[in-house]
Structures are given as C-alpha cells and as structure tokens.
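In: Predicted coordinates and the sequence they were generated for:
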Amino acid sequence: MKSLRSLISWSAFVLMTGLLAFSALVYAASEILLQRLVDGRLLVLAESLAEIAERYPDFLKAGAKDAAPTTELTQSTTDQHVLPDVTHALRVFATDGSLLWRSPHAAVQGPLPPRVLEQVRLKNVLFETLAAPDGTPARHLFLSFAGKDRVRYILQAETSLLHYQETLRGLVFLLTLGSGATLILAWVGSLWLAKKVMAPIEALCTGAETMSEADLEKRLPMDSPYREFRRLTQAVNSVLDQFQRGSEVQRNFCEIAAHEMKTPLTILQGNLEVALMKARTVEEYHEVLLNNLQQVDRLIALTRPLLTLAKFTSSKPPVNLAPLAMEPLIQEIVDELALLADDYQISMRFDTQPVPSVLGDAQWLKQALINLLDNALRYTPSGGSVTVRLQSTGHEVAVAVEDTGHGIEPEHIPHLFERFYRTDWARAKDTAGTGLGLPIVKEIMDAHGGSIFVTSEVNKGSVFTLRLPAIAQQAVSP
C-alpha cells in the first residue's frame, strides 16, 4: 500500500529526472548555438578574405606570406578584446591542393588531401573539426571561390575551439551546481512538507481510532492552520454527527419497539398465569384464548412494519424501478378501498390529469398510497370526504391525498415521520395504531428519489402530497 511520504519522495525523484533532462537539453542547445557562432565567424572571415582576393589577386600569384590586406582580419580589435585566447588562421590553396598563401598566424601545412578537395568540389562549403598539431581541437572551414582571372581557389579558415570547450565546461559546472542545489533543496523541502502534511493527518487518524461509542459526542479539533485539513476535519465531524444521530435513532427505535411489544407480552403472560392458577370453565379458557389472540394479532401488526422498515434501512432498499403509469395504479387502489370508505360512510373520489410516467416499484408505491388512504379514512369522521389528486408539476408527478378530518396541530407536523410517533388525539382515536405507517411511506419515497409533504389545519383536514420525478426529468439527469 502506498503512503503519502512515498508519493512526496516520488515527486522529488520526478523533479530530479526533469532537472537532468532539462540540463541535457540546455547543454545540447548551447553546444549547437556555440558551434553555429564559431561557424558564423569563420564564414564571415572566409567571405571577407574571398572579397579581398578578388580585389587584390596579385598577392595570390606572388605567393605572399604576409600580405597587408589580411592584417585586419587576423589581428582585429574584436579578436583581441572579445576572444583573446582564440587565434584565427587563413590559408588559400589551389584546386590541386597546393598552398598558395597563408596568414601570419597560420602554421605551415602540406597540400590538402584528395578527400577534402572532392568534398569542397561537391559542397562548395565544408566545415570540419580537426585536431591541431599541438592536440588542441580546431574548427576548419573550406570555401571554394573564383578570382577575377576566373581561376578557382580553395580558402581555409581555421579557429581554435579552446574557448568553445571552456564555455561548455563552465556550462556543465553551472548546470551541475544548480541542479544539485535544487535537488538538495527539493529533497529537504519534500521531507519538511511530508512532516507538515502528515502531522495533522496522524492527529486525525489517532483521534478517530481512539474514539469509541461512548465518545460519540466528542469531535475532532479543527486547529490545523491549513484550509484543506480543516475541511477534512469538518467532513469527519459531519460523518460523526450523522453516525451519532443514526445511533440515537436506532437506540430510540429499539427502546420504543421494546416498549410497544412489552405491553401485549405482559398481557399474554398475565392471562396465562391467571388461567393456570386454578381450574377454569370452558368459557373462561375460551375468553383467555381470545384475549391472547388479540395480543398476538397486535404483535403481528407491530412486527410487519418493523420488518418493512428494516428492509428499507439496509444498504440496498428492496425496490425495482421500472416505467410506471400512476393513473391505473391509483384507480386500482381507490376501487379496492371503496367498500371500506362506504363502511365509514365517507365519500372518496379520484381527480386526475394527464401526467408522464415515473420510474417506480408498483408494489411499494401501492403500499405507500394505501397507508395514506387508510389513515385518511380512519381519522375522517362519517360524512366527510377523501380526495386523491394526480397532477403534473414541472418535472415531477404529484399525488395528493386530501381529507376533511380532525387535522394535525402544527407542533406535531415536524415529528410525523418519526418512528412510533403518534399524537395524543390519534392515540385516543385509534389505540391499535403503531405509529409506523408514515415512516414507511417516507422510506419508500426516499428509495424512489421522491419526497412527501404535509399541510394541515385543525378541524379542516390534512393534505399529504407525494412527489416523484418524471421519466423525462430522470432521463436528462447526469
């Protein structure tokens, strides 16, 4: 497993490789530029001598060794002040390779070899790097030109590469020194950076690893001077907040579930103990069994929604989303509950508008609507009405269940979707309720990517609205 320290060390290695490549590139480019500079100077000298030879052809025929016209070329002020350690030598050869003329600084040289003569004849201009008799490398230029008498000559310009080599050695020294210093600074800087970066991370890991369930109320300190680590600590604290809330909800859920199950179990135990205290008549045993059966039914009614909630609180809710038309589904539910509405003497109707399909699970959406309609029918007095409205609102499909019941007090609305939460009026109206119907509806809507809203007014009724994203909305979603 890779660590952040190894990543920082690897970045230092990448920097070293980059510096070496950059140094090699600078050296190669400098060598090329210096060579072009030397070749350019040689070419200027050679062309200047060729022009002088055209103006004064007699000194070539006379075989002069130190003609005045070339003194300014071989001992110029520029050479003395700019390149004092570089000497230039000029020679003129006949086309057969024999020496015709040489400058005062030029050493005596034999005829040109046939190889050079052939290459000059083909290329007209030839550059070569050769070693001088004393071993010093020198750059040579061979140039073919014609005098006024139409006779062709070969001009040789020669310069020492001593300054050229010293310049490159100095460049290598500077590149090595600069790259080495940069690498040392980069390595020391990477170690310092790794220490500064790892310190808050180590503190964060230590704080998280030593935290237990009893320390859920504690939070990691946000004392890092760096914004990114403060953000990381804030994110960890946010996760701890969610975990604490989830743990509290789970603990409260278990406590309330145990409390709700304790009552029927206690009644069952009491009935059985009383029945076993002495002999009973058949009618008495029958009454005890009926009472116990009622408590068993109560336990079953409590267990089923608990199992449903357990399914939806898992990592993968049990929904299979598919294109679904809401109007036939709602019409089927309304038809199924019509007899129940008649028994309660409540009028129930379905108002619908053309709406797009949604991605949903028919089974669970039907369960959510049945829970809402069952509550509406149960808490609406006789002579009241329950209306189901289906309409499209923007990119969503809305299903509203309206009743004319007692209504819900404003202070209870924020807690309606908490598990086992029931208002005092609801407990007095229906003692068989579990307080799990609305939490199940909310879990189903969350699994569908939808939502549920409540508006209510006491003594006028309530409206529960389900909102589901339409397929067109989800198709264009990223």
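Out: That came through fine.
In: When you work out contacts or count neighbours from here on, use the C-alpha atoms and nothing else.
Out: Will do.
In: Mind listing what's buried along stretch 36-43?
Out: Under the neighbour-count criterion of 16 or more other Cα atoms under 10 Å, stretch 36-43 has 38-39, 42-43 buried.
In: which parts of stretch 121-128 are buried?
Out: 125-127.
In: Between its first and last residues, how far does it reach?
Out: End-to-end distance for stretch 121-128, by Cα to Cα, to the nearest Å: 15 Å.
In: residues making contact with that stretch?
Out: The contact list for stretch 121-128 (Cα atoms under 8 Å, 6 or more residues apart in numbering) reads 39, 119-120, 139-144.
In: go with 6 Å
Out: For stretch 121-128, the external contacting residues (Cα atoms under 6 Å, 6 or more residues apart in numbering) are 120, 139-144.
In: Sitting in helices, which of these do you find?
Out: Counting by DSSP state H, the contacts of stretch 121-128 place residue 120 in helices.
In: Which of the contacts of stretch 121-128 ranks first by neighbour count?
Out: Neighbour tally across the contacts of stretch 121-128 (other Cα atoms under 10 Å): the maximum, 26 neighbours, falls on residue 142.
In: Tell me who's in contact with the closest residue to residue 161 other than its chain neighbours.
Out: Nearest residue to residue 161, sequence neighbours excluded (Cα to Cα, 6 or more residues apart in numbering): residue 138, at 5.1 Å. Taking Cα under 6 Å, 6+ apart, we find residue 138 in contact with 129-131, 159-161.
In: Try it again at 7 Å.
Out: 129-132, 158-161 (Cα atoms under 7 Å, 6 or more residues apart in numbering).
In: Could I get the pLDDT score of residue 455?
Out: Turning to residue 455, the model gives it a pLDDT of 93.
In: Tell me which strands whichever strand or helix holds it pairs with, and in which orientation.
Out: Under the criterion of DSSP states H and E, residue 455 resides in strand 451-457. Counting by DSSP bridges, the strands paired with strand 451-457 are strand 461-469 (antiparallel).
In: average pLDDT across the strand it pairs with?
Out: Strand 461-469 shows a mean pLDDT of 94.
In: Would you mind listing where the stretch 151-300 of the chain has pLDDT under the threshold?
Out: Low-confidence segments of the stretch 151-300 of the chain (pLDDT under 70): 211-216, 222-226, 246, 249, 252-253, 255-257, 259-260.
In: correct me, but residue 368 touches residue 441?
Out: Yes. Look at residue 368 against residue 441 with Cα atoms under 7 Å: they come within range, at 4.8 Å.
In: For burial, what's the neighbour tally of the residue nearest to residue 462 when sequence neighbours are not counted?
Out: Leaving aside its sequence neighbours, residue 462 sits nearest to residue 456 (Cα to Cα, 6+ apart; 4.1 Å). By other Cα under 10 Å, 20 other residues sit near residue 456.
In: Same check on the one 10 residues further on?
Out: The tally of other residues near residue 466 (other Cα under 10 Å) stands at 24.
In: try the one 3 residues further on
Out: The burial metric for residue 469, expressed as a neighbour count using other Cα under 10 Å, is 23.
In: Then residue 268?
Out: Residue 268 has 19 neighbouring residues, counting by other Cα under 10 Å.
In: Quick one: residues contacting it.
Out: 292, 295.
In: same thing but 10 Å
Out: For residue 268, the contact set (Cα atoms under 10 Å, 6 or more residues apart in numbering) comprises 262, 288-289, 291-296.
In: In the stretch 151-300 of the chain, mark out all the strands, start to finish.
Out: 152-160 (DSSP state E, counting those that start in this stretch).
In: what about the helices in it?
Out: When assigned using DSSP state H, counting those that start in this stretch, the helices of the stretch 151-300 of the chain occupy the ranges 162-209, 227-277, 282-312.
In: tell me which residues in the helix or strand just after the shortest one are buried?
Out: Taking DSSP H and E as the definition, the helix or strand that follows helix 282-312 towards the C-terminus is strand 322-324. Within strand 322-324, the residues that count as buried by 16+ other Cα under 10 Å are residue 324.
In: which residues sit against strand 322-324?
Out: Contact partners of strand 322-324, identified using Cα under 10 Å, 6+ apart, comprise 356-362, 470-471.
In: what about residue 109, how many residues close to it?
Out: What residue 109 shows, counting by other Cα under 10 Å, is a neighbour count of 10.
In: May I have the residues that are in contact with it?
Out: Taking Cα under 10 Å, 6+ apart, we find residue 109 in contact with 91, 98-99, 102.
In: same deal with residue 164?
Out: Contacts of residue 164 by Cα under 10 Å, 6+ apart are 31, 34-35, 37-38, 86, 137-138, 170.
In: With respect to pLDDT, which of the residues you listed ranks lowest?
Out: residue 86 (46).
In: still on that earlier bit, can you say which of the helices of the stretch 151-300 of the chain is nearest to residue 375?
Out: helix 282-312 (14.8 Å; Cα to Cα).
In: Return the set of buried residues in the closest one.
Out: By 16+ other Cα under 10 Å, the buried positions in helix 282-312 come out as 285, 288-289, 292, 295, 298-299, 302, 305-306, 308-309, 312.
In: what's the answer for stretch 266-282, then?
Out: For stretch 266-282, the neighbour count (16+ other Cα under 10 Å) marks 268, 271, 275 as buried.
In: State the distance from the first one to residue 347.
Out: Counting by Cα to Cα, the gap from residue 268 to residue 347 is 39 Å.
In: And the last one, by the same measure?
Out: According to Cα to Cα, residue 275 and residue 347 sit 46 Å apart.
In: and what of the second one?
Out: Summarising the geometry, the distance separating residue 271 from residue 347, computed by Cα to Cα, is 41 Å.
In: Could you measure from residue 123 over to residue 194?
Out: Distance, residue 123 to residue 194, using Cα to Cα: 61 Å.
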